[in-house]
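> next comes the sequence, and after it the predicted model I'd like to discuss.
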Protein chains: 2
Amino acid sequence: MNTHANQNRVLETRFAPISTAFLERLAQVVDPSQILSNPAQREAYAWDNTGIRALPECTVLVESAEQVAEVLILCNEFMIPVVPRGAGTGNVGGALACHGGLVLSTQRMNKIIEIAADDRLAVVEPGVVNGDLQQALLASGLFWPPDPSSAKSCTIGGNLAMCSAGPGAVRYGVTRDWLVGLTAVLADGSIIKTGGRTSKGVVGYDLTRLLVGSEGTLAVVTQATLKLAPKPEARRLIRAVFSSVEGAAKAVAKLMATGSPPSAVEFLDGASLNLLRQESSVVIPEQACAMLLLEVAGDESDVEQQAQSVIRRIAEFSPIEQTEPVSSSDAEEVWAARYALSPILKKLAPKRVNEDVVVPVSKLSELISGVEAIGADLNIPIINFGHAGNGNIHVNFLVDPEDDIIMGQIKPALDRLFKLVLKLDGSLSGEHGVGMQKSEYIEWELGGDSLQLQRRIKAVFDPNGIMNPGKIFP
Amino acid sequence: MNTHANQNRVLETRFAPISTAFLERLAQVVDPSQILSNPAQREAYAWDNTGIRALPECTVLVESAEQVAEVLILCNEFMIPVVPRGAGTGNVGGALACHGGLVLSTQRMNKIIEIAADDRLAVVEPGVVNGDLQQALLASGLFWPPDPSSAKSCTIGGNLAMCSAGPGAVRYGVTRDWLVGLTAVLADGSIIKTGGRTSKGVVGYDLTRLLVGSEGTLAVVTQATLKLAPKPEARRLIRAVFSSVEGAAKAVAKLMATGSPPSAVEFLDGASLNLLRQESSVVIPEQACAMLLLEVAGDESDVEQQAQSVIRRIAEFSPIEQTEPVSSSDAEEVWAARYALSPILKKLAPKRVNEDVVVPVSKLSELISGVEAIGADLNIPIINFGHAGNGNIHVNFLVDPEDDIIMGQIKPALDRLFKLVLKLDGSLSGEHGVGMQKSEYIEWELGGDSLQLQRRIKAVFDPNGIMNPGKIFP
């Protein structure tokens, strides 16, 4: 694999700045009203959830696959970086124009083209907001399972780019499990279809899943055929409180090793509980050092039975209060508090470093005690919460950008965290992706040969390296 | 996409025959006892389920990833085609040495390396037989969902190569949904790992699923980390008999559009029922023109309720006898008869042409009436059965190789079948794959740009085109 230096060199190409000549040509392929070139307009496309700012030189609000193709052909000709962007809710800088160039916004491609309830499919454009699709599906009794916490604002296109997930992944899996086909535009402007409309299919390579999670580095998705699931008619939330993180982690491992998985298995550590005590009205016992939010879902006739099964399976780990299903209004309050954790943290520590490492569930207890040791050794406050049923924990390093000493500890802390995760057979990212933020670490996980292979696959799709440069690859 | 003639030319390379010099070098990288070179030994590797014969020039029984790497490096040096092979149970010639060369058999790599029940994973070598894995899992209460009808003899490696499935796919999905990581050897001998041991992960491109279904044309899988599911404690079979194919097809569509999917939704047409009447002891009403085998699975406490829900959902389509769950001994007999259909057909019509087309479930009725029209127009007896819940029907053209007229009708019949399937938004193959058998048709489904892209991805993995040549690509 070391004979392909030539093919890799294309990824290092230097780009051209956006010129008047380029803008003139651009105005011939899209309506001038679709081009945002003044700084105030572009500023809205300079940010995502990382807090990093990267001002694009131009934003284009594309309206069709054909327009995407024209724009990509032009960018290839002028060597302009293209940054596909949905709602900009990502956590790793995936939608930021870190090499300048053009942000290709899909916000106007927001049509739900078809809901085919009989085949349990929805055909959508990439700019459809996840939550809007769920709303549109209500009447059909179906839903699309990927449920990132940004569901009310993030787009399906962004979900596809990052292979998003949320609490429901513990039962339903992630974005890659919930689609059957794509239409995508390659860097050279060719429009391809992958997959189709059937729940099975093995004709040719699985380009559908090669594109999912590729973070806009291979192609621009312009249409997706999504698989839908029947929406459970009832849910029950079970709140289990523990005096130690270890007890909670072991309860999760037991829960996942036996019987049917709940529809959510969320974990909150002691520091998260302190935040909730301060910032919400949820009442949490004083001795509580960890909490699990366990949700079951199904027919009204069987959720109670599912809930009792969950309670039985965790009983041996001695929760410190009677564990029982909470009322639906209390459940709403608890979920709202859980979802408020990220925004609260962002307010308290705008420069927090938010990782989403994942380990096999059986290693959860080791992960959390290891993370606590890192925080203690390096004197960094850490808050852990997340999708414990998948072993996927959001580790938040709460740093103060004014404090040079603590800022100097971030790199050693991340190094130790990622080494720990890989030692535990885990992965650096469960659902946020690599983006700009983790690219320097991915060779630790993938190894050199695999990374080299992935660069060469990238070069097949995008020989000039214009598609979202600076993302994924170190 | 038309500027890459160079990259494609490598796929047309002519290969070298296996020489004494090659065999001498081969005997330095594997033990001589692992090399089968006399014709009688090689004959066993010349066949699969298609009835086509293609004698390899040599068979190597590899025992480790390192040996696979050495063999591939050697084959690259000598320009020898490599045909990875599991148990040879495939239906499309995927494991046949149609360009001569070397069959790389994984039959000795048959270790179950680890069953990690806590993480619901099994780590296996590719030569492990699917049924042997299921046996080994019994004590854990878990199983691996892919269930092709050849499960007792086919290997996991073959299942991965073809993205196999069976009746259970209607609830559980296909092979690509049931693994988290692979170890694979590339044509240049580099050994890569894809994915890992976690149920989520988005670091880099999804090479795991790029390899699944790639039919040995990209790499040789030497280890797989499989996801496991809890084995349902109880099952119920519901037999529903209809006076028309249309009634049965509509019942399937209704069943799949509402509520939870059963664990199997199998369809048998009138001709299949006639075969069963002749060849099994299953009693089938005289007026029956179509039958559905509907299975539900779950806890003992809820299968009865699931069964009643299924019966309610299909009642409006007027099955011709009282539809009710059958006893477990009757269920065994019915399933045995269903699984015997393929072998019976093979005995009756050894040169039958067996397709496994798939359409959206809502189009099932149109598919089957269209297939019947093709048979009537071209005077070819046809038998249809299969996994109706996925819209995946095995269309069997029963041809007599002695009958020149009927043999001349096969090509027009396949042309019409595939055109019909694509018109109904379907795919040429649900689970058998492309292999040698469907390669001339796949451009109809994929389109030229996608096919070109796939050839270029193939060239990244295998620049000299030695990996399973003559498969997938026309």
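In hand now; what should we look at?

> got the residue ranges for the strands in the stretch 151-300 of chain A?
For the stretch 151-300 of chain A, the strands defined by DSSP state E, counting those that start in this stretch occupy A:179-186, A:191-195, A:219-227, A:229-230, A:234-242, A:264-269, A:290-298.

> show the pLDDT at A:Leu11.
A:Leu11 carries a pLDDT value of 41.

> quick one: closest of the strands of the stretch 151-300 of chain A to chain B.
strand A:191-195 (4.5 Å; Cβ to the nearest Cβ). All C-beta atoms are positioned from the backbone trio N, CA, C, and that covers glycine.

> okay, the angle between the closest one and strand A:179-186?
With axes from the mean of the first three to the mean of the last three Cα atoms, to 10 degrees defining the directions, strand A:191-195 sits at 160 degrees from strand A:179-186.

> related to what we said a few turns ago, got the strands of the stretch 151-300 of chain A as a markdown table, with mean neighbour count columns?
Shown next, in a markdown table, are the strands of the stretch 151-300 of chain A (neighbours: other Cβ atoms under 10 Å in any protein chain shown):
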| stretch | mean neighbour count |
| --- | --- |
| strand A:179-186 | 24 |
| strand A:191-195 | 22 |
| strand A:219-227 | 25 |
| strand A:229-230 | 16 |
| strand A:234-242 | 22 |
| strand A:264-269 | 25 |
| strand A:290-298 | 25 |
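
> closest one to B:Phe15 among these?
strand A:191-195 (30.2 Å; Cβ to Cβ).

> what angle sits between the closest one and strand A:219-227?
Going by the same axes, to 10 degrees, strand A:191-195 makes 30 degrees with strand A:219-227.

> which residues are in contact with strand A:191-195?
A:65-66, A:69, A:179-186, A:201, A:207-208, A:211, A:219, A:222, A:225, B:446-447, B:449-450, B:453 (Cβ atoms under 8 Å, 6 or more residues apart in numbering or on different chains).

> which elements pack onto the helix or strand containing A:Lys458?
In the assignment (DSSP states H and E), A:Lys458 maps to helix A:448-461. Helix A:448-461 sits against helix A:5-9, helix A:442-446, strand B:191-195, helix B:207-211, helix B:448-461, with contacts defined as 3 or more Cβ pairs under 8 Å, 6 or more residues apart in numbering or on different chains; DSSP states H and E.

> ok, 6 Å please
Judged by 3 or more Cβ pairs under 6 Å, 6 or more residues apart in numbering or on different chains; DSSP states H and E, helix A:448-461 is in contact with helix A:5-9, helix B:448-461.

> how about the residues of the stretch 101-250 of chain A near chain B?
For the stretch 101-250 of chain A, the residues in contact with chain B (Cβ under 6 Å from any Cβ of the partner chain) are A:118-119, A:163, A:174, A:190, A:192, A:196-206, A:209-210, A:213-214.

> mark which of those are buried, thanks.
Among those, those classed as buried by neighbour count (16 or more other Cβ atoms under 10 Å in any protein chain shown) are A:118-119, A:163, A:174, A:190, A:192, A:196-206, A:209-210, A:213-214.

> and the residues you listed, which of them are in helices?
Of these, the ones assigned to helices by DSSP state H are A:Arg209, A:Leu210.

> got the contact list for A:Leu275?
A:Leu275 sits next to A:Ile344 when contact means Cβ atoms under 6 Å, 6 or more residues apart in numbering or on different chains.

> isn't there a strand covering A:Val395?
Yes. Counting by DSSP: H, G, I helix; E, B strand; the rest coil, A:Val395 is found in a strand.

> how about A:Trp178: what's its closest non-neighbour residue?
A:Lys227 (4.9 Å; Cβ to Cβ, 6 or more residues apart in numbering or on different chains).

> pretty sure that neighbour contacts A:Asp177?
No. Counting by Cβ atoms under 6 Å, A:Lys227 does not reach A:Asp177; the two are 7.8 Å apart.

> show me the contacts for the nearest residue to A:Ala271 once chain neighbours are set aside.
Leaving out its chain neighbours, the residue that sits closest to A:Ala271 by Cβ to Cβ, 6+ apart is A:Ile383, at 4.4 Å. Taking Cβ under 6 Å, 6+ apart, we find A:Ile383 in contact with A:Ala271, A:Ser272, A:Asn396.

> highest neighbour count among those?
The residue in the contacts of A:Ile383 with the most neighbours, by other Cβ atoms under 10 Å in any protein chain shown, is A:Asn396 (26 neighbours).

> local confidence estimate at that residue?
pLDDT, A:Asn396: 95.

> re the thing from before, winner for burial among the helices and strands packed on helix A:448-461?
helix B:448-461 (a mean of 20; mean count of other Cβ atoms under 10 Å in any protein chain shown).

> show me where the stretch 351-474 of chain A has strands.
Going by DSSP E, counting those that start in this stretch, the stretch 351-474 of chain A shows strands at A:353-358, A:382-387, A:392-397.

> now the ones you listed in a markdown table, with distance to B:Ser365?
Shown next, in a markdown table, are the strands of the stretch 351-474 of chain A (distance: least, Cβ to Cβ, whole Å):
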| stretch | distance to B:Ser365 |
| --- | --- |
| strand A:353-358 | 44 |
| strand A:382-387 | 41 |
| strand A:392-397 | 43 |
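
> which of these sits closest to B:Pro350?
strand A:353-358 (50.6 Å).

> which helices and strands does the closest one pack with?
strand A:392-397.

> partners of the strand it packs on, with directions?
strand A:353-358 (antiparallel), strand A:382-387 (antiparallel) (DSSP bridges).

> is it possible to get a markdown table of these that adds mean pLDDT?
What follows is the strands paired with strand A:392-397, written out as a markdown table (pLDDT from 0 to 100):
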| stretch | mean pLDDT |
| --- | --- |
| strand A:353-358 | 94 |
| strand A:382-387 | 95 |
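
> re earlier: tell me the spacing between the residue nearest to A:Trp178 and A:Arg209.
Here A:Lys227 is placed at a distance of 13 Å from A:Arg209 (Cβ to Cβ, to the nearest Å).

> next one: A:Gly435
19 Å.

> what does the stretch 251-400 of chain A have sitting close to chain B?
Contact residues (Cβ under 6 Å from any Cβ) of the stretch 251-400 of chain A with chain B: A:Ala257, A:Val358, A:Pro360, A:Val361, A:Ser362, A:Asn390, A:Gly391, A:Asn392.

> what about 10 Å?
Proximity of the stretch 251-400 of chain A to chain B (Cβ under 10 Å from any Cβ of the partner chain) is limited to residues A:253-254, A:256-261, A:298-299, A:301-302, A:305-306, A:309, A:356-363, A:387, A:389-392.

> which residues of chain A score low on pLDDT?
A:1-13 (pLDDT under 70).

> the residue nearest to A:Trp178 reaches A:Thr208, doesn't it?
No. With contact defined as Cβ atoms under 10 Å, A:Lys227 does not reach A:Thr208; the gap is 11.1 Å.

> overlap in contacts of the two?
A:Leu179, A:Val180, A:Gly181 (Cβ atoms under 10 Å, 6 or more residues apart in numbering or on different chains).

> could I get the residues you listed in a markdown table, plus columns for distance to A:Asp132?
Converted to a markdown table, the shared contacts of A:Lys227 and A:Thr208 look like this (distance: Cβ to Cβ, whole Å):
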| residue | distance to A:Asp132 |
| --- | --- |
| A:Leu179 | 17 |
| A:Val180 | 21 |
| A:Gly181 | 21 |
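
> just the closest of these to B:Ser280, please.
When the shared contacts of A:Lys227 and A:Thr208 are compared for distance to B:Ser280 (Cβ to Cβ), A:Val180 comes out closest, at 35.6 Å.
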